[in-house]
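Visitor: Sharing a sequence plus its predicted fold:
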Amino acid sequence: MSYSTADSVRTVTLDDVRGAQKMLAGVARVTAMEGSRHLSRLVGAPVHFKCENLQRTGSFKVRGAYVRIAGLLPEQRAAGVVAASAGNHAQGVAHASSLLGVHSTVFMPVGAPLPKVAATREYGAEVRLHGQVVDETLAAAQEYAAQTGAVFIHPFDHPDVVAGQGTVGLEILEQCPEVRTIVVGIGGGGLAAGIAVAVKTLRPDVRLIGVQAAGAAAYPPSLSAGRPVSIEAQTTMADGIKVGRPGDVPFRIIEDLVDEVRTVTEDELSRALLHCLERAKLVVEPAGASPVAALLSDPETFEGPVVALLSGGNVDPLLLQGILRHGMSAAGRYLAVRLRLTDRPGALATLLGVLSVVDANVLDVSHVRTDPRLGLTEAEVELHLETKGPEHCAEVRGALREAGYTIMT
C-alpha cells in the first residue's frame, strides 16, 4: 500500500498536539496503562502496555480522523469525506464522521474481513467494496473524491492526523512520567510521528523505538536514502502496518526525532500476539503486537521503564485462529515428528503409550503402510503433538529415542 499527499508542507508542533487533545476530550478514551510482569522480568525494568486496542473503534485511528474532519471548513463538511482502508482507518473515519454529522464514504477491498466491513457500516459510513488490494481501493477513493468534491481523509500523511495521533504521547507522559523508552509500531508513520512530536518536545531524554514487520519495512531503506522510498514486496500478517511508502509529513518527523527503527519477523509477531492473549488477557492485532514482538526478541536492549503501545485490537477471528496456531508453533507449543516402526498389531498403541507417559497431547496421526520407500514390515507414522514449550518438546523427543524409535524429522 502506498500513499502520497499534496498537503505536506506544514509541520506539526506540540501546540498542535495539545490543541488536538482538547478537541478529543470526551471523544477519544484515555486508554489504560497496564503493567506486564513477564516482560518486566525479561527486560529487568518495568514494562507497561498503553492499551489503544481498547480505544473506541478498537484502535488509535479515531484520534487522527476526528481531528482532521473537525478541522474542515463548513463547505468541505457539506461535501462529505471519503477514505480507503481495509480496517482500522475505515472505522475511525466512519465513527468520527458520525460524531461530527458528516457523510462518509469508505472504500474497502473486496476481500476485507466481514467483521470490519460490518463494523464500518455500523459506525455510519457508506461502504463501497472495490479492488482486490488496497492500492486499487485507494485509487477508487481518490477518483470518487475528484468526481464528487468529497474530502479525502488520508490515514497518516496529513498534519492534523499526525497531531491527533500525538495525543497518545501526551497520555503516556501523564500516565508514566518516569518512562525512559517508548516502543511503537510504524506503518505509514502517523502514530510514531505524532508521539515523537509530543514526547521529544517535553522529554528529549526519552528514547523512541519504531517497529516494522520485516516483510513490509519501508522505513529502514527510506531513512538510509534520506527520503521516502517505495518498496514492492509486502508480505506480513500485520496488515495495520503494511504500507509500501512512508508518508511525507511523518517521515520528516521520524527522521529527526525517532531514535531507532527495528524489524520483527512473522514468528516474532505471532508469538507476541499469543503472549498478549495468554499473559495480558488482551486481544491485540498483529500490528498492535509489534512492540511486544520487539521486546520479546531482544529484551536486554531496552532501557526501562518501557511503554509498549498496543495500537489496535481489530483482528478477524479466522485470521486470529491461524495466527494462534502459528504462534503456538513458533513458541514450541506444537511438535511434529515422523518416525518408522515395525508394522505389527499394537505397534501404534505402544507408541502412543510412550507419548502418554510424557504428557504429550496427540492432535493428529498419519499412519502410512504402502509407501514404496518402506520395507516390507515397516510403517511410517507422522504425529502432530501439543506440548508445553521447548523443554517439553525436548523431553518428548528424548522419551521416543529412549524407547528405541528413530526420529526422522
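Guide: Right, received. Where do you want to start? Note that the structure is predicted; figures quoted are calculated from it, not measured.
Visitor: When you work out contacts or count neighbours from here on, use the C-alpha atoms and nothing else.
Guide: OK.
Visitor: where along the stretch 1-150 of the chain do the helices fall?
Guide: Under the criterion DSSP state H, counting those that start in this stretch, the stretch 1-150 of the chain contains helices at 14-23, 37-43, 61-70, 74-79, 88-100, 114-122, 134-148.
Visitor: and of these, who's closest to residue 173?
Guide: helix 14-23 (12.9 Å; CA to CA).
Visitor: The stretch 151-300 of the chain: strands as residue ranges?
Guide: With DSSP state E, counting those that start in this stretch, the ranges of strands along the stretch 151-300 of the chain come out as 151-152, 181-185, 207-213, 260-264.
Visitor: how's this structure carved up into domains?
Guide: 14-59+158-328, 61-152, 332-402 (automatic domain parsing).
Visitor: between these, which gets nearest to residue 408?
Guide: For these, proximity to residue 408 was assessed by CA to CA; domain 332-402 is nearest, at 5.3 Å.
Visitor: most residues in a single helix of the protein, which one?
Guide: Of all segments of type helix in the chain, defined using DSSP state H, the longest is helix 159-175.
Visitor: Mind giving me the packing neighbours of that helix?
Guide: helix 14-23, helix 61-70, helix 190-202 (3 or more CA pairs under 8 Å, 6 or more residues apart in numbering; DSSP states H and E).
Visitor: list the buried ones in that helix?
Guide: Within helix 159-175, the residues that qualify as buried are 159-173, counting by 16 or more other CA atoms under 10 Å.
Visitor: Equivalent analysis for stretch 64-81, please.
Guide: 64, 65, 66, 67, 68, 69, 70, 77, 79, 80, 81.
Visitor: and what of stretch 323-340?
Guide: 323-336, 338, 340.
Visitor: tell me the contacts of the closest residue to residue 196 other than its chain neighbours?
Guide: Closest residue to residue 196 apart from its sequence neighbours, by CA to CA, 6 or more residues apart in numbering: residue 257 at 6.0 Å. Applying CA atoms under 8 Å, 6 or more residues apart in numbering, we find residue 257 in contact with 193, 196, 197, 200, 208.
Visitor: out of these, which one sits closest to residue 101?
Guide: For those, the nearest to residue 101 is residue 193 (28.5 Å; CA to CA).
Visitor: I figured that closest one hits residue 253, correct?
Guide: Yes. With contact defined as CA atoms under 8 Å, residue 193 reaches residue 253; the gap is 5.6 Å.
Visitor: Of the two, which one has the most company?
Guide: A direct count of neighbours by other CA atoms under 10 Å for residue 193 and residue 253 places residue 193 higher, at 31 against 21.
Visitor: any low-confidence regions in the stretch 51-200 of the chain?
Guide: By pLDDT under 70, the weakly predicted segments of the stretch 51-200 of the chain are 133.
Visitor: how about the nearest residue to residue 156, chain neighbours excluded?
Guide: That would be residue 190: by CA to CA, 6+ apart, it lies 4.5 Å from residue 156.
Visitor: how deep is residue 404 tucked in, by neighbour count?
Guide: Residues lying near residue 404 (other CA under 10 Å) number 9.
Visitor: Residue 336 reaches residue 393, doesn't it?
Guide: No. Applying CA under 8 Å as the test, residue 336 and residue 393 come out as separate, 9.6 Å apart.
Visitor: tally of neighbours for the residue lying closest to residue 13 once chain neighbours are set aside?
Guide: In this structure, residue 13 finds its nearest non-sequential neighbour in residue 197, 6.4 Å apart by CA to CA, 6+ apart. A count of neighbours around residue 197, defined by other CA under 10 Å, yields 30.
Visitor: Surely residue 197 and residue 15 touch.
Guide: No. Residue 197 lies out of contact with residue 15 (CA under 8 Å); the separation is 9.8 Å.
Visitor: roughly how far apart are residue 293 and residue 254?
Guide: Per CA to CA, to the nearest Å, residue 293 is found 21 Å from residue 254.
Visitor: Check residue 236 too.
Guide: 22 Å.
Visitor: before we move on, what about residue 316?
Guide: In this view, residue 316 and residue 254 are 30 Å apart by CA to CA.
Visitor: Neighbour count for these two, which is higher?
Guide: Counted by other CA under 10 Å, residue 316 and residue 254 do not tie: residue 254 has more neighbours, with 26 against 15.
Visitor: For the protein, which residue occupies the most central location?
Guide: Centroid-nearest residue in the chain, with CA atoms, centre = their mean: residue 287, separated by 0.8 Å.
Visitor: if we can go back for a sec, between the domains of the chain, which gets nearest to residue 409?
Guide: Among the domains of the chain, the nearest to residue 409 by CA to CA is domain 332-402 (5.3 Å).
Visitor: what mean pLDDT does that closest one have?
Guide: Averaging pLDDT along domain 332-402 yields 81.
Visitor: Next, the distance between the ends of that domain.
Guide: So domain 332-402: terminal residues 21 Å apart, CA to CA.
Visitor: Same question for stretch 206-219.
Guide: Using CA to CA, the end-to-end distance of stretch 206-219 comes to 21 Å.
Visitor: re the thing from before, of all pairs in the buried residues of stretch 323-340, which one is the farthest apart?
Guide: Largest separation among these by CA to CA: 323 and 340, giving 31.1 Å.
Visitor: Residue 205: what's it in contact with?
Guide: Here residue 205 is in contact with residue 180 (CA under 8 Å, 6+ apart).
Visitor: quick one: pLDDT of it?
Guide: pLDDT at residue 205 comes out at 97.
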